[in-house]
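Trainee: sequence and predicted model, in that order:
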Amino acid sequence: MAMTDPTTRGWFGDFGGRFVPETLMPALFELEAAFRDAWNDPIFRAELDDLLTHYAGRPSPLTTCDRLSEELGVEVVLKREDLNHTGSHKINNVLGQALLARRMGKTRLVAETGAGQHGVATATAAALMGMECIVYMGEVDMARQELNVFRMRLLGAEVTAAASGSRTLKDAVNEAMRHWVAVVEDTHYCLGSVMGPHPYPWMVREFQRVIGDEARTQCLSRLGRLPDVVAACVGGGSNAAGIFSGFADTDAQLVGVEPAGGAAVTRAVPGVVHGSRSFLMQDEHGQVLEAESISAGLDYPGVGPEHSHLAAIGRARYETVTDAEVIEAFQLLSRTEGIIPALEPAHALAWISRARGELAGTLVLLNLSGRGDKDVGQMMGILG
Amino acid sequence: MIGAFETALRSARSADRKVVVPYITGGLGDDWLDAVRAAVDAGADAVEIGIPFSDPVMDGPTIQAASDLALRAGTTPVSVFAQLRHVDVGVPLAVMTYYNIAHHMGLERFASTAVDSGVAGAILPDVPLEESEPWCDVADRVGVETIMLAAPTADDDRLARIVARARGFVYAVGLLGVTGVRDHLAASSLEIAGRLKAITDKPVLVGVGVSTPLQAAEVSTVADGVVVGSAVVQRLLDGEGPTGVGEFIGAVRAALDA
Ligand SMILES: Cc1ncc(COP(=O)(O)O)c(C=O)c1O
């Protein structure tokens, strides 16, 4: 089974749709039409490929891990999204959306950010293309990722604190949407994951599928075979959707790893927030719960609709790990391979480490979605 | 069939009366129902009751703060409906909330609880036309009038389709932006009211950014009336209570009648 396009109204099975204020609907239609047109236009594709190659540094390598594999008793290979310009997979999506926004005649980008990686990537693309950029970030996240706040400002972006609710990623999305409602005519909302209203979940997956497409080719050429398991962390789910899309039509088991405090898919209660119907952490009255995770990038109570669909039809499996397991995994990869991971993909490694018995003898492809530079300050506080 | 909400607004129009519909957050303070009554006594033609939601994306800081306060005081959808059940304020009521509240309760149960609580209409600002069918099917059957939002960004064809689907009244979104008090009436509010009045006989009320009696009167030269939200809720947040709400709605009433 391949990961197919959603219906024309943006549904993946029972999940997706466009649950947004009426004011935004024409902009979503315009965006969908522009994306369809651009994605079928060889000139746009060539422009994007050129940026991905000569600006972002693609293709990202596939790295085999002798010492880690020996320690775990599981053969692990890494897809190195941490080596991209700006330090994570977020740049793949952002370059696509910024090019598209420019093609649509928009002059400003607005974005939400959790860990700050998507905000940094958006600020970077805006600087590159001479666009204005405004980033909403939860107050709590601005404190724990202050280096990224500085980077965004250095890149010329305006960073605004989201001071409502839990003051994390969920609230940054609310603020970005409220802002977009007011400036929709000249501004593109550069959403950072496979979430939100149609066409975002689909469009962002398409911009991220380069991860999976490259990894598949690299597995075949370097290892001579496809992986048995493909693992990725899941916040909104963009790095996971990107790598899964390269392997959904193979026999590989697809595993998404959520933080225990932000386990939307694992809890499997459907809800509607931020534009789509998907699994959502909520209380018995339908109020959205605040996620709680060591990693700002996964501190989100929802998940992209296609992941809910993949879970519902049983094509992908979703697991949770605790903050303590993540801290272990963060150190494990640093120590065994000389690669300091971001806390987000450390979740996926934490699951591999815990499931090593079950995984013994298999080839596991781990999407290393970002590097740990942004987390070193926070980990200094934790590890002392 | 025309419901109670639309009937009330149509008869006001037949009597050459411009209407004012205040918005009050359910559960905001122990005396929020007194604020509803005070608004009606001061001349409100109908009242919109907010069921607070954790993530109100169509609302600005004032209604966000009111929702937070109400939620922290333990307000739930069920508690708002339960309190409404025991009052008859003499004008039609609509609830305004976000889709997840209805979706989580179950559309059928949400609609029938509304009817049992004496609520005639519902506004779900994150349910646009394209996603409205499941809810509207239930609402039509159970007897809840679904008030649709129409925004300045829509083209004529879209406005016509929204108007066709609207029950109760057509909620003309006065500006590009979320709810909140504004110093000046946006030119877009007169424009959207005019575009809607040109294509429908249903009542057209302008909301979002209508904050003062003068603004209400100005936009009602074109529209059939106004929805006033943040300006009302701000008075409650400022501690002015039901009296403050009554005085404000009285002033709006006077400006509309002048
Ligand atoms: C390195 C990294 N990985 C993963 C994520 C989570 O996003 P997604 O689930 O969309 O890949 C983030 C978000 O900030 C991130 O910075």
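Mentor: On my side now, so go ahead.

Trainee: give me the nearest residue to residue 185, chain neighbours excluded.
Mentor: Assuming you mean chain A. Leaving aside its chain neighbours, A:Glu185 sits nearest to B:Leu176 (7.2 Å; criterion: Cβ to Cβ, 6 or more residues apart in numbering or on different chains). Every residue, glycine included, has its C-beta placed from N, CA and C.

Trainee: actually it's chain B I care about, not the one you picked
Mentor: Counting by Cβ to Cβ, 6+ apart, the residue nearest B:Leu185 is B:Gln215, at 4.4 Å.

Trainee: can you check A:Met281 too?
Mentor: Distance criterion Cβ to Cβ, 6+ apart; nearest residue to A:Met281, sequence neighbours excluded, is A:Pro301 at 3.8 Å.

Trainee: got the contact list for A:Phe207?
Mentor: Shown in contact with A:Phe207 (Cβ atoms under 8 Å, 6 or more residues apart in numbering or on different chains): A:92-93, A:95-97.

Trainee: ok, residue 206 - contacts?
Mentor: Just going to use chain A. By Cβ under 8 Å, 6+ apart, the neighbours of A:Glu206 are A:35, A:39, A:96.

Trainee: please go with chain B instead
Mentor: B:172, B:174, B:189, B:192-193, B:219-220, B:223, B:225-227.

Trainee: can you tell me how far the residue most central in space within chain A is from B:Val47?
Mentor: What sits nearest the mean C-alpha location of chain A, by Cα atoms, centre = their mean, is A:Ser238, with 3.3 Å. A:Ser238 sits 43 Å away from B:Val47 when distances are taken as Cβ to Cβ, to the nearest Å.

Trainee: again, but for A:Gln117
Mentor: From A:Gln117 to B:Val47 the distance is 46 Å (Cβ to Cβ).

Trainee: ok, now A:Pro341?
Mentor: 55 Å.

Trainee: what about the longest helix in chain A?
Mentor: Of all the segments of type helix in chain A, defined by DSSP state H, the longest one is helix A:200-218.

Trainee: that one and the ligand, any residue contact?
Mentor: No - figure legend: helix A:200-218 not in contact with the ligand (Cβ under 6 Å from any ligand atom); closest approach 7.9 Å.

Trainee: in that helix, what counts as buried?
Mentor: A:200-216, A:218 (16 or more other Cβ atoms under 10 Å in any protein chain shown).

Trainee: could you look up the SS state of whatever residue of the stretch 1-150 of chain B ends up closest to the ligand?
Mentor: Closest approach between the stretch 1-150 of chain B and the ligand, counting by Cβ to the nearest ligand atom: B:Asp55, at 18.7 Å. Classification of B:Asp55 by DSSP: H, G, I helix; E, B strand; the rest coil places it in coil.

Trainee: now do B:Thr7
Mentor: Applying three-state DSSP: B:Thr7 is helix.

Trainee: got the residues of the stretch 151-300 of chain A near the ligand?
Mentor: Listed as neighbours of the ligand in the stretch 151-300 of chain A under the rule Cβ under 6 Å from any ligand atom: A:193, A:233-240, A:297-298.

Trainee: now do chain B
Mentor: So chain B never meets the ligand (Cβ under 6 Å from any ligand atom).

Trainee: all strands of chain B, in order?
Mentor: Shown for chain B, the strands assigned by DSSP state E span residues B:19-25, B:47-50, B:93-96, B:121-123, B:145-146, B:148-150, B:170-173, B:204-207, B:225-228.

Trainee: same question for the stretch 1-150 of chain A.
Mentor: A:11-12, A:15-19, A:62-64, A:75-80, A:108-113, A:132-138 (DSSP state E, counting those that start in this stretch).

Trainee: buried residues, the longest one. List them.
Mentor: Neighbour counts over strand A:132-138 (16+ other Cβ under 10 Å) mark A:133-138 as buried.

Trainee: just want the residue of the stretch 151-300 of chain A that's nearest chain B.
Mentor: Scanning the stretch 151-300 of chain A for the residue nearest chain B gives A:Gly286, at 3.0 Å (criterion: Cβ to the nearest Cβ).

Trainee: so what's the residue count around residue 119?
Mentor: By default, I'm working from chain A. 32 (other Cβ atoms under 10 Å in any protein chain shown).

Trainee: that's the wrong chain, I wanted chain B
Mentor: Neighbours around B:Val119, by other Cβ under 10 Å: 24.
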